[in-house]
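Chemist: sequence and predicted structure below; questions after.
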Amino acid sequence: SIPPSERLGVVNLEFKPKTVFALSGTDGTVPNVINNDHNLPGMQHIKARLRLKRGCGFGGKCTSRFRSVFGKDGWDLFPGEQVVFRLVILNNEKHFTVRIFQNPFLRMFYGPGQAVFGAGQRRKTIRIIPNSKLEFDTYYEFSYELDVKGNWHKFFLYEQKLFESEKREKADAIQQQLKQKDSDGCQRTSVYAPRRPQLGCSWPPLKRRYTQRWWVQPLKPGYFEHDTLDVFLFHSMGIGSKQCGRITAKLEKYPVDSMKNYIKLLLQYSGTNGGLEFENDDHRVLRFPSKLDLSLTVQRKYMQRWCVTAKMPGTYMMSFRPYGSLLNLFPTQPNPMQINVAQPKKFHIKITSSFDGATLYNNQWSGKYYIEISRMPDKG
């Protein structure tokens with residue numbers, strides 16, 4: 001009979017939440033998705049769940065769901081055996097924080113991103129948490145590796161999306177391989193059709209490593225918004241008067257490095273040259289976010305004020321032209337702002353049609369008539 005040291009098991013790897021498979025849950029060539037919508041539950045981190053699946057008798061995959069609660073059913077890792085799952089982020093690993101609930105001494109000895117299974121242990125959970133350095137609309141490469149030490153059990157790593165996709169691609173080669181035998185007469189096997197070797201035959205290679213791409217979704221397009229009162233404030237200005245407006249650049253989430261990632265607005269007006277005067281040169285160019293200033297609140301960094309002084313009468317149109325490293329995130333320009341200087345307010349007078357022939361006697365109308373004025377005219 002085959003000795004117990006030749007038992008075959010599987011370490012099953014699953015990812016949660018299900019939204020990581022938004023693009024495809026079956027095609028291994030399609031990347032998983034890191035969703036940046038923090039309003040949805042479970043989007044702020046990814047869970048990688050590891051589970052050691054049992055075998056029956058001397059080995060093989062067991063379909064029974066019942067296991068000994070005491071961890072002594074002859075399948076769990078024995079003392080002296082060890083299974084180490086290693087998660088490696090191949091590019092920009094500092095953009096993620098990897099947490100594993102296990103003995104802190106194991107982390108000190110093996111390093112971060114390594115889940116260590118010992119005697120009697122069956123499950124582990126790894127949390128992959130994106131931090132503020134995460135880059136949007138970017139691909140990250142994750143590597144999953146399995147290291148097995150011991151003489152009793154043999155394990156292979158199974159991630160359904162990657163394993164089954166690779167298996168479908170190589171289906172014909174696998175079938176040809178399984179029909180052949182080695183020079184010593186042992187039945188050939190495949191990493192995508194693992195099984196225990198026959199008596200006297202050596203163990204075949206097992207699937208213990210994958211490389212997978214993860215895609216961070218791009219941010220929703222940003223937009224600019226004028227303050228609600230700006231339209232009324234600039235509707236009528238007197239010569240020599242000063243008026244200020246506010247504009248906010250709204251984006252779902254700004255990149256971390258504000259010195260390199262910014263959007264600017266260049267203010268220009270059409271109309272009589274010299275009719276408007278900016279308060280200073282800084283008000284001609286608005287920067288979002290503003291340069292690092294500890295005195296500014298978070299909201300104030302993304303809302304800028306611009307001021308003009310009216311010098312000559314006329315009607316002007318203030319335009320805002322965006323530019324900067326975040327220009328691709330702001331596809332639309334802000335709405336132009338109309339500025340009226342020393343322009344009388346227009347009003348309309350409406351009189352009832354039956355007003356003709358009316359007379360005034362003793363300060364009273366001879367009948368009831370109505371006169372409507374849309375707005376009061378300017379004084380003087």
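Modeler: Perfect, I can see it now. Because the structure is predicted, anything quoted here is derived from the model rather than measured. Numbers count the residues shown, from 1 in each chain.

Chemist: quick one: average confidence on stretch 159-171?
Modeler: Rounded to a whole number, the mean pLDDT of stretch 159-171 is 93.

Chemist: ok, stretch 262-277 next?
Modeler: Model confidence over stretch 262-277, given as mean pLDDT, is 92.

Chemist: show me the contacts for the residue lying closest to N335 once chain neighbours are set aside.
Modeler: Counting by Cβ to Cβ, 6 or more residues apart in numbering, the nearest residue to N335 once its immediate chain neighbours are dropped is H226, at 6.7 Å. C-beta: built from backbone N, CA, C; applies to glycine. By Cβ atoms under 8 Å, 6 or more residues apart in numbering, H226 lies in contact with 245-247, 334-335, 337.

Chemist: S236: neighbour count?
Modeler: Using other Cβ atoms under 10 Å as the criterion, S236 is surrounded by 16 other residues.

Chemist: that one contacts T315, correct?
Modeler: No: the criterion here is Cβ atoms under 8 Å, and S236 misses it with T315 at 10.8 Å.

Chemist: below-threshold pLDDT in the stretch 1-150 of the chain: ranges please.
Modeler: Residue ranges of the stretch 1-150 of the chain with pLDDT under 70: 1-6, 36-44, 54-76.

Chemist: show me where it has its strands.
Modeler: With DSSP state E, counting those that start in this stretch applied, the stretch 1-150 of the chain shows strands at 7-16, 32-34, 46-53, 82-89, 96-100, 114-117, 123-130, 139-149, listed in chain order.

Chemist: any regions of the stretch 201-350 of the chain where pLDDT drops low?
Modeler: Within the stretch 201-350 of the chain, the stretches with pLDDT under 70 are 292-300, 345-347.

Chemist: ok, K53 to T315 distance?
Modeler: When Cβ to Cβ, to the nearest Å is applied, the distance between K53 and T315 equals 77 Å.

Chemist: cool, R127 as well?
Modeler: Spatial separation of R127 from T315 under the definition Cβ to Cβ is 60 Å.

Chemist: next: A119.
Modeler: If you measure A119 against T315 using Cβ to Cβ, the figure is 84 Å.

Chemist: what is in contact with S236 and T315 at once?
Modeler: Between them, S236 and T315 share the contacting residues 340, 343, judged by Cβ under 8 Å, 6+ apart.

Chemist: and the end-to-end length of stretch 205-219?
Modeler: 43 Å (Cα to Cα, to the nearest Å).

Chemist: what distance separates that stretch from the centre of its chain?
Modeler: In terms of Cα atoms, centre = their mean, to the nearest Å, the gap separating the centre of stretch 205-219 from the centre of its chain is 17 Å.

Chemist: tell me the buried residues in it?
Modeler: Using 16 or more other Cβ atoms under 10 Å as the test for burial, stretch 205-219 gives 206-208, 210, 212, 214-216, 219.

Chemist: and stretch 165-176, what's buried?
Modeler: Burial within stretch 165-176, assessed by neighbour count using 16+ other Cβ under 10 Å, is assigned to 165-167, 174.

Chemist: reformat those residues as a markdown table; add secondary structure and distance to F142.
Modeler: Converted to a markdown table, the buried residues of stretch 165-176 look like this (DSSP: H, G, I helix; E, B strand; the rest coil; distance: Cβ to Cβ, whole Å):
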| residue | secondary structure | distance to F142 |
| --- | --- | --- |
| S165 | helix | 16 |
| E166 | helix | 16 |
| K167 | helix | 20 |
| I174 | helix | 25 |
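
Chemist: residue ranges of the helices in the chain, please?
Modeler: Remark: helices assigned in the chain by DSSP state H are 104-110, 160-169, 171-178, 230-233.

Chemist: okay, the strands of the stretch 1-150 of the chain in TSV with distance to N273 and mean neighbour count next?
Modeler: Supplementary listing: the strands of the stretch 1-150 of the chain in TSV, determined by distance: least, Cβ to Cβ, whole Å; neighbours: other Cβ atoms under 10 Å:
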stretch	distance to N273	mean neighbour count
strand 7-16	62	19
strand 32-34	52	20
strand 46-53	58	18
strand 82-89	57	18
strand 96-100	55	18
strand 114-117	69	21
strand 123-130	51	17
strand 139-149	51	17
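
Chemist: done for today, thanks.
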